[in-house]
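>>> Sequence first, predicted model second:
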Amino acid sequence: MLFKLAFHTYEALSNKSKIQERNKKKEAGKAYDQDDDLDLVSNMSDESTMTMGGPPEIRDRKIERYDEKLDVELNRYLHKWIIVILYYQVAWVFRILGWFLPAIPALRICLGFWIMLPQFRGEFFLWHALESYIKKCEQTLMGYRCVLSSYTVRFFTLVHQGAL
């Protein structure tokens, strides 16, 4: 589900930035190169790279420049969606606190606006506040996975050695 959302966000960002760039060049009176579209960059098949004009090194620089811009924007949107998912997962806390504090619904709405509106960049602050906890949880799970896999390998090599 999150992968589909990330893919559609990537497509929307590439189309939006492509249209904005074309409009800026049109307003400035400059001619724009129709061969350096982002859809060609994202496909990266032999047919699509052959249609891009210029020598390979110029084409590669264009691709790298577009990829860097899209990576930054995509990371921002992925952070936002991860924080929104976490926000919905802890919504039960707001319901419980709503029984005791009448201002909780207003606080919940303000927090939602702070996360979703791009000018406040709430997802940025929350992501960096939670990043250390997420990494610590990931390291703990990786440790458990390594221990479990070593026990599994030891079991199948020592106990059932003749059965293989």
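Nice, I can see it.
>>> Quick check: the gap between A106 and L86.
21 Å (CB to CB, to the nearest Å). (C-beta placed from N, C-alpha, C; glycine too.)
>>> can you check R61 too?
Using CB to CB, R61 is found at 38 Å from L86.
>>> ok, A106 and L86, which is more surrounded?
Higher neighbour count among A106 and L86: L86, with 15 against 9, using other CB atoms under 10 Å.
>>> how close does that one sit to T152?
L86 is 32 Å from T152, by CB to CB.
>>> what's the burial count for W127?
Neighbours of W127 (other CB under 10 Å): 19.
>>> mind listing what it touches?
Residues in contact with W127 (CB atoms under 8 Å, 6 or more residues apart in numbering) are 79, 82-83.
>>> Would you indicate which residues of the helix or strand containing it are buried?
Using DSSP states H and E, W127 falls within helix 122-154. For helix 122-154, the neighbour count (16 or more other CB atoms under 10 Å) marks 122-123, 126-127 as buried.
>>> what about it, average pLDDT?
For helix 122-154, the mean per-residue pLDDT is 91.
>>> can you give me the helices in the protein?
Along the chain, counting by DSSP state H, helices occupy 2-28, 38-43, 46-51, 56-89, 91-98, 104-116, 122-154.
>>> deepest of these, which one?
For those, the largest average neighbour count (mean count of other CB atoms under 10 Å) is found in helix 38-43, namely a mean of 17.
>>> For it, give the mean pLDDT please.
In this model, helix 38-43 has an average pLDDT of 46.
>>> Same check on stretch 61-75?
Mean pLDDT, stretch 61-75: 80.
>>> was I right about F94 contacting I104?
Yes: assessed by CB atoms under 8 Å, F94 is found in contact with I104 at 5.5 Å.
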